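# Give me a model of this one.
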Amino acid sequence: MTTDPGPSFIGGDPSAVTDSDAHALAGEFLNSGYRGQEYANWPIERRLEGFLRRRGLSRHANDGDVCNVITDRIMARVSDTRRAASTALPG
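So this is what the prediction gives:
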């Protein structure tokens, strides 16, 4: 019988976020207004910080490790979406 090791905390810090939390936050960010034209001139880091603060997650916005992991998830999902779209085009 295997035992579930429990959640995997980013940086090993239980006050941070789990891998699944980071994945969910990346998805929520991508579906938020911070992806739109209003913030197009802002760097991704500033947009993510604003998103996290607006969600009441200032502690996460201040944690560079957490922000880096979420940013990596965001960029991976954008890349996957673009790759899927480009392979779906006739050509």
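# Closest to the centroid, which residue in this structure?
In the chain, the C-alpha closest to the average C-alpha coordinate belongs to Ala26, at a distance of 2.7 Å (Cα atoms, centre = their mean).
# got a list of what that residue touches?
Neighbouring residues of Ala26 by Cβ atoms under 8 Å, 6 or more residues apart in numbering: 70, 73-74, 77. Bear in mind the C-beta positions are built from the backbone N, C-alpha and C, glycine included.
# What average pLDDT does the helix or strand Asp65 falls within get?
In the assignment (DSSP states H and E), Asp65 maps to helix 64-88. Averaged across helix 64-88, pLDDT comes to 83.
# and if you look at stretch 49-58?
On average, the pLDDT along stretch 49-58 is 95.
# For that stretch, measure first residue to last.
Between the opening and closing residues of stretch 49-58 lies a distance of 8 Å (Cα to Cα, to the nearest Å).
# separation between the closest residue in space to Ser58 that isn't next to it in sequence and Val69?
The shortest distance from Ser58 to any residue other than its chain neighbours is 7.1 Å, reached at Leu52 (Cβ to Cβ, 6 or more residues apart in numbering). When Cβ to Cβ, to the nearest Å is applied, the distance between Leu52 and Val69 equals 12 Å.
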